[in-house]
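Participant: What follows is a predicted protein model with its sequence.
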Amino acid sequence: MKIDMNKRDSVIRMTGINPRTCMKCGKCSATCPSFDEMEYHPHQFISLVEAGRVDELMASESLYNCLACMACLERCPRGVEPAKFVEAVRNLKLREHGGNHLAPEAIPEMLDADLPQQAIVSAFRKYSK
Amino acid sequence: MQIEKKPLIVAFCCNWCSYAGADLAGTNRLNYPANVKIIRVPCSCRVNPLFILKAFQRGADGVIICGCHPGDCHYTTGNYYARRRITLLFSMLSYLGIEKNRVRLEWVSAAEGAKFAATMQSFAEEIAELGECKRLEDLRCKK
Amino acid sequence: MQRIGVFVCHCGTNIAGTVDVKTVAEMLGKEPGVVFSTDYQYMCSEAGQTLIQDAIKEHNLGGVVICSCSPRMHEQTFRKACAKAGLNPYMVEVANIREQCSWIHKDVAEGTEKAVILGRAAIAKVHLNAPLTAGESPVVKRALVIGGGIAGMQTALDIADAGFEVDIVEKNATIGGKMAQIDKTFPTLDCSACILTPKMVDCAQHEKINIYAYSEVEDVKGFVGNFSVAIRKKARYVDETKCTGCGICTEKCPVKNIPNEFNMGMDNRRSIYIPFAQAVPKIATIDPNTCNKLKTGKCGVCSKVCGAGAIDYTQKDEIIRREYGAIVVATGFNMIDMTKFDEFGYAQSKDVITSLEFERLTNAAGPTGGTLLRPSDGKHPHTIVFVQCCGSRSTTENGKPYCSKICCMYTAKHAMLTREKYPDTDVYVFYIDVRTPGKNFDEFYRRAVEQYGVHYVKGMVGKVAPRADGTLHVQASDLLAGEQLHIDADLVVLAGAIEPDKSARGLATKLTASMDTNDFFTEAHPKLRPVESPTAGVFLSGVCQGPKDIPETVAQAGAAASKVIGLLVKDKLTCNPCVAQSDELLCNGCSGCEHVCPYGAITYETKEFMQFDRSMKPRRVASVNPAVCQGCGACTVTCPSGAMDLKGFSNRQIMAEVDAICK
Amino acid sequence: MQEMIKSKLAELLSTGAVTKVIGWKRGENFYDVSPAAFESVESLADFVYDDFCGANLSKFLVKEPGKESKVAVVLKPCDTFSLNQLIKENRVNRENIFVLGVPCEGKLSEEKMRVMGIVGLTGCKVEGDKVTVETLYGTETLDKNDVLLTKCATCHSKKHVIFDELIGETGEDSDVDRFVGVAELEAMSEDERYEFWRNELSRCIRCNACRNACPACTCEKCVFDNDASGVAAKSNANSFEENMFHIIRAYHVAGRCTDCGECSRVCPQHIPLHLLNRKFIKDINTFYGDFQAGADAESEHPLVHFTENDPEPSIVKEGK
Amino acid sequence: MKLVKDLSALYEAIAAVQELYLPVENKGRVDFKLYEAGANVDIKTLKTVRSAKDFFFTQTETLMGFKVEGKNIEVEDLRPEVRPFVAFGVRGCDARSFEVLDKVFLVDPVDTVYEARRKAGTVVTLACGRPEETCFCTNFGITPEAPAGDVTTWLTEEGLYWQANTDKGEALTAAIAAVFTEGDGKAVEEQKKAISDIIAKLPLANLDMTHLEGVKEETFWGHPVWKDISETCLACGTCTYVCPTCQCYDVRDFDCGNGIERFRCWDSCMYSDFTRMAHGNNRNTQDQRCRQRYLHKLVYFPRRNEGMFGCVGCGRCVAKCPSKLNIVKVIKALGGK
């Protein structure tokens, strides 16, 4: 069981949510359509992040079983938004692959009139460290 | 005894809501900057524009007035009058080119200790950003 | 210049922990006018007060500054102590170096510096203080209780038993409140009606209690001891003095399909109705929104069948104005609207019900005569799912951030009663935490689990979806098993959050009583004055102050009553001496102050003033009635010449504080 | 016109209807017109009503004993608003006042001529839109608009709101946008506004003419004169006191100022003080609904009134 | 005769040796300001709004301080340090006003602040090229075509003619010698003549003052003019504060929080609290105050100062009074009987 508080802090920074606001009611997992496919269930994402056990999550298939349907986010009574945590751990994983997936220099040639600016910004945010 | 000279903030708090809210912030140990100094008044409607100007003359860098939320005034209507008076005064100060962030009015109830602390924190930050109040200063008081 | 004594309190380590009290006492001792300065462990203690009193005598002090906790806490204590030593109590100022200094700062140097500044401000103010003498105002020996639920009734009975007149204002057609709708009470499982209805009758029959049912508070004027309240007695269209409550009209009325509020809309009543059999007062009421006669002028059946001739279609709302010495708020609660939580399917299926609806479904006087049947098809449910914390402990906009407190216990009660009566049902309770602090509470809950075999599952229900076959698909977490459960239920019962009655907000404004962000009334002090509102003369009883169960409510109701009695036994109240006063020589008669005074305390008269040429010139000048003025100061700022000033918070005093803080 | 007024006043004095008339009196030259009291028909010989009768006479009524004797006062349309306001505030006893309304086409300012560099003034003739000025150094012809008193250039009403008798016709509310000057300042940056007002207010010599001429400033004792008020001052020791005096003065008359413009007219330093008062008027109109002080003698002034939905002070920040 | 062709060179030269104050225009109004490069100097406008008395008798003057620390009070001398300065462009009337002020401030006990400023100041006067209808200085023996002063100057087509009258004037002249050329002075004579011609036409140039000679202090006390004037006098201080000879002041304390600053500031006898004392006020009504103001200038002051009037005829009050009340009307009213 590896504890990595840096990763924990990264996830918290990326989500902007304090995992301690979770009161462990399980409503997220109760509502999750992919519950049975997941090794770690939505409420466990929160608990493990809080405990600094992000590596376990990163290694788990659960990351990709989440459909990002946002039901957990919608239902959570405390505004913890588990889906954001899943997404944040996914990003951590992505960034771990080394290098930037999208370099700033690469952006100008991707620009065209039909591409929404917002898409580029969000892609850049997601794919570069 | 000399602590670094910080921007000085005078807070007029109504006795029934905001002063109690400040007390609650204290009870909950919610920190806010020490350069905020509170003056207790019975109601936000007791705050005379003269007091606000006087505070600036004496070297205050920001003045904040806190009262009960509209509708909750202990005296029924005091804060409604205060709202008009203070709105007009703030507008006039801005019209004279005084930075409009130097003054603020906030409604803080007796239950809003956290809001009180957060308000003071953010106001103190705003004033720190503006720095010393030069436009309403009286150098005689700064010696 | 006053001779001032400064007393710095350690408050144990509360102050001394972050403020160097010795330095504060030393620094303040150097201030002009300060002739004595010291510090002490606990200034508010007997020994501390004696210290102050001795110093007043020894040093002939004319003013006292106490650097301690908030003046809201101990200003009165210190004023009284100083008064005993012969000092006018209004020559005392408190510098708040605990709540607004030591408790919020960690750095000792910082805390000490601020404490010194706050002390200086208090010294500057005391220099300008003047001895004040309080006036007196008479007390009207009658109390008003707003709300006729168990809280209001208990308060009224207790006050009335002490010999004071009490009026109860209830907005519904009968008193009784929520408790009248409840079937059994936890943890003893005694019948709610059996213990409530005798109290209702007591209220009705008590010679000191007067019930204004179907009435609301219209406006409130005045102040402690002298409130003047306008009560709107809504038109019932039935003459109260004639109606015998026989109920014939309620059987003959042709408008039959009105959802019955008492049974949570699960059956119907007529347009003319008596809410329930034991209603007090037992008088019929016509619902003006549905009555044919009132809407179209055609019908009049009730009038024809009434043997007493009590029906009066021309009745109008009546405004009654009465004087009271004290007001008790007992406005109670409601369950929040569950339709906003679409995950629970409350709006989609009749078989998803609230706990209060469940109470009616199991009550002998309820729509099913006490047999538990599914509202949709009237069949016996075999699988029942109870969901707790529906909307409680939720920081989302639909929910409430607080714990509703009563749900754990009544859900255990529901589950237990169901299993007892219908052993063939499967009962699931989904909980986040089970909270059972209270006498015999946890035992009760454990009995439900251990003896009655209720399935308690830790986890939340995520989704309730009605199926085509009429069952409800419940999807939930079992956190301990790490599973997602799928249950086919026949009935789902939601333990919705409770919230203060909607009328409370408007009432708080009329009373100028403060509320918290959840619309619960704030108490004067959370620990020490839990049944008083910060507004003098306004008291709190029951759930209007915060969630409570019945025994707590009754206890608080009694406490509120004792506070009211304590007020009403006084013949006179000491007025606040910090009132406005007008300087006739400066007043120019513009009437601005008169317009802004919320109490009508300012009047004008024309007086003749001698001019410098010795001629007399008439001028209107303001004068303040000190018994009516409450000291808000609105007038002082309206007055451009400063003719109007506030004793105790004068312009000069506040400016002196500003000066001291800024120097 | 002047003769009609004079004969009416003579009638009032001779019949004993009034014992005193407050009007204007001719002095040394064409622009030398002083407010004056006339107590006999003979003294009315010096009475004048012409293009230089800018002074608002309503304030002089505050000094009147308010009983027994009756006083006639000659008021231009804008002056009647001031009188109404004074009646509302019980500073003048309506029953002892006879108001003679006189029409006004805008009054002239010799000070404006001087600022234009036209000095040595000896004579003046107004013909239509043109003003011909005789000076020691020649004759100049000017546009009347250029030498109108500031208050007249943005006149808000030519209607008499209170009078016992009119000489000539009363006019209508004007549709001139009197808030242009305020809006120009509002459009500036904070720094520009600060510089603007510093330049203006730094000239203040604290002569108190603005206050003493103002019909709304009728305090028995002004806070700035009252040593017990804590803010008394006799001079502007520095920029703070300049600001303080003018902010508080404008604030104290906010909601009561009828926009008569006397403050700017009497200022020896030509500080545009009306821009302070008008800012309050504009704000009150914007925030709390249109309000004209003195339009009647009954309605409550906006600062002793409120609605539950008044804007919050943060509107100042959200605005410019 | 010394002549300066380039005025800005003159200003620069003076400013290089001493502080230079001169009339500067601001939005159509002219007042004396410290010279700085690029200043909008206006020496054509005849009269500054404020008189030149500010040079020696400023509106507010800090005198001393009391520094309070704990229970100790320390007295501080806060009188300003006075540096040599040049007052340029002063008109004849204002120049005379200094003599009036000297009679008040330089007699025993000498006002040290005033004295220091008087010594430090070099007064450069300027002949009045275009006298105005409000001027009546000639009634007081003032010669606007050749005003007194340490230096007298004339602004002509050719340039500024410069004539030093005193040692101080000579010293200044020597210090800036480089800016001068020689002129024939004809233009000066022409200007003097032109000014005299205009003065002859001035409406107020020849007031009858004989009735004021040798009168007793109480002669005019019961005169009706006081009531007439006070009826519409606003009791503001405009006349006093624009007047070059009004020399009354109040000494006040300002509480700065840490101590007191004692300062003096102009006061006006028009104000209701003027000379108020513990027992009350000497003059309670506005007619008494008006009487004081005018009789002080016209009767009391001359009686004590060899007939020198306390008025120099600058005409500022004539132009500035909001109610158009002024000393000329009083002089005439008293003469008319």
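Facilitator: Everything's here; your move. Residues are numbered from 1 along each chain as shown, chains lettered A, B, ... in the order given.
Participant: So what does residue C:212 look like in phi/psi?
Facilitator: Residue C:212 adopts backbone torsions of phi -100, psi 90, taken as degrees, to the nearest 10.
Participant: now residue E:123
Facilitator: Per degrees, to the nearest 10, the backbone of residue E:123 is at phi -100, psi 120.
Participant: Count the residues that sit near it.
Facilitator: 27 (other Cβ atoms under 10 Å in any protein chain shown). For every residue, glycine as well, the C-beta is placed using N, CA and C.
Participant: what's the helix or strand residue E:87 falls within in contact with?
Facilitator: Element membership for residue E:87 (DSSP states H and E) is strand E:85-90. Residues from elsewhere that reach strand E:85-90 (Cβ atoms under 8 Å, 6 or more residues apart in numbering or on different chains): E:11, E:14, E:18-23, E:32, E:35, E:43, E:52, E:55, E:120-126, E:147, E:149, E:172.
Participant: near chain D, from these?
Facilitator: When those are checked against chain D using Cβ under 8 Å from any Cβ of the partner chain, none falls in range.
Participant: Quick check: phi and psi at the residue nearest to residue E:267 when sequence neighbours are not counted.
Facilitator: Nearest residue to residue E:267 in three dimensions, chain neighbours excluded: residue E:250, at 4.0 Å (Cβ to Cβ, 6 or more residues apart in numbering or on different chains). When read as degrees, to the nearest 10, the backbone of residue E:250 gives phi -120, psi 140.
Participant: Please list the members of the contacts of strand E:85-90 that lie in helices.
Facilitator: E:11, E:14, E:120, E:172 (DSSP state H).
Participant: biggest separation within those residues, which pair?
Facilitator: E:11 and E:120 (18.8 Å; Cβ to Cβ).
Participant: Between these two, point out the one with more neighbours.
Facilitator: For the pair residue E:11 and residue E:120, the greater number of neighbours falls to residue E:11 (21 against 18), based on other Cβ under 10 Å.
Participant: Run a quick check on that one versus residue E:21, I expect a contact.
Facilitator: No: here residue E:11 does not reach residue E:21: they are 10.7 Å apart, not a contact under Cβ atoms under 8 Å.
Participant: overlap in contacts of those two?
Facilitator: E:35, E:88.
Participant: Could you check how far the residue lying closest to residue E:325 once chain neighbours are set aside is from residue E:287?
Facilitator: The shortest distance from residue E:325 to any non-neighbouring residue, by Cβ to Cβ, 6+ apart, is to residue E:229 (5.2 Å). According to Cβ to Cβ, to the nearest Å, residue E:229 stands 7 Å off from residue E:287.
Participant: Backbone dihedrals for residue E:193, please?
Facilitator: According to degrees, to the nearest 10, residue E:193 has phi -70, psi -50.
Participant: Quick check: it vs chain C, distance?
Facilitator: 53 Å (Cβ to the nearest Cβ, to the nearest Å).
Participant: cool, residue A:125 as well?
Facilitator: 27 Å.
Participant: same check, this time on residue B:27
Facilitator: For residue B:27, the distance to chain C - Cβ to the nearest Cβ - is 6 Å.
Participant: pLDDT weak spots in chain D?
Facilitator: Applying pLDDT under 70 to chain D flags the ranges D:66-67, D:319-320.
Participant: Can you pull the domain assignment for it?
Facilitator: D:1-106+D:158-176, D:108-147, D:177-320 (automatic domain parsing).
Participant: any chance of those in JSON lines, plus mean neighbour count and distance to chain A?
Facilitator: Shown next, in JSON lines, are these (neighbours: other Cβ atoms under 10 Å in any protein chain shown; distance: least, Cβ to the nearest Cβ, whole Å):
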{"stretch": "domain D:1-106+D:158-176", "mean neighbour count": "19", "distance to chain A": "47"}
{"stretch": "domain D:108-147", "mean neighbour count": "16", "distance to chain A": "53"}
{"stretch": "domain D:177-320", "mean neighbour count": "20", "distance to chain A": "26"}
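Participant: do you know which of these lies nearest residue C:92?
Facilitator: domain D:177-320 (22.7 Å).
Participant: Restricted to buried residues, select the contacts of strand E:85-90 in ChimeraX.
Facilitator: Here is the ChimeraX command that selects only those of the contacts of strand E:85-90 that count as buried (16 or more other Cβ atoms under 10 Å in any protein chain shown):
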select /E:11,14,18,20,21,22,23,32,35,43,52,55,120,121,122,123,124,125,126,147,149,172
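Participant: Find the closest residue to chain B in the stretch 501-650 of chain C.
Facilitator: The minimum distance from the stretch 501-650 of chain C to chain B, using Cβ to the nearest Cβ, falls at residue C:633 (3.2 Å).
Participant: just the residues of chain E that are near chain C, which are they?
Facilitator: E:68, E:70-71, E:255, E:257-258, E:284-285.
Participant: now, which of those residues sits nearest chain B?
Facilitator: residue E:257 (5.3 Å).
Participant: pLDDT score assigned to the residue nearest to that closest one when sequence neighbours are not counted?
Facilitator: Nearest residue to residue E:257, sequence neighbours excluded (Cβ to Cβ, 6+ apart): residue C:663, at 3.4 Å. You'll see residue C:663 listed with a pLDDT of 82.
Participant: Quick one: residues contacting residue C:663.
Facilitator: B:58-59, B:141, C:120, E:257-258.
Participant: And residue E:258, by the same measure?
Facilitator: B:141, B:143, C:663, E:67-69.
Participant: For residue E:300, grab the count of nearby residues.
Facilitator: A count of nearby residues for residue E:300, using other Cβ under 10 Å, gives 14.
Participant: Look at it and tell me its secondary structure.
Facilitator: Put simply, residue E:300 is helix when judged by DSSP: H, G, I helix; E, B strand; the rest coil.
Participant: was I right about it contacting residue E:217?
Facilitator: Yes: contact status for residue E:300 versus residue E:217: in contact at 6.0 Å, counting by Cβ under 8 Å.
Participant: Where does residue B:54 sit, in terms of helix or strand?
Facilitator: Here residue B:54 is assigned to helix B:49-57, by DSSP H and E.
Participant: Please see if that helix touches chain E.
Facilitator: No: on the criterion Cβ under 8 Å from any Cβ, helix B:49-57 is out of touch with chain E, staying 9.4 Å away.
Participant: One more: stretch D:110-126?
Facilitator: Yes: using Cβ under 8 Å from any Cβ, stretch D:110-126 reaches chain E at D:111, D:114-117, D:119-122.
Participant: Tell me the pLDDT of the closest residue to chain A within the stretch 151-300 of chain E.
Facilitator: Nearest residue of the stretch 151-300 of chain E to chain A (Cβ to the nearest Cβ) works out as residue E:257 at 44.4 Å. On the pLDDT scale, residue E:257 is placed at 83.
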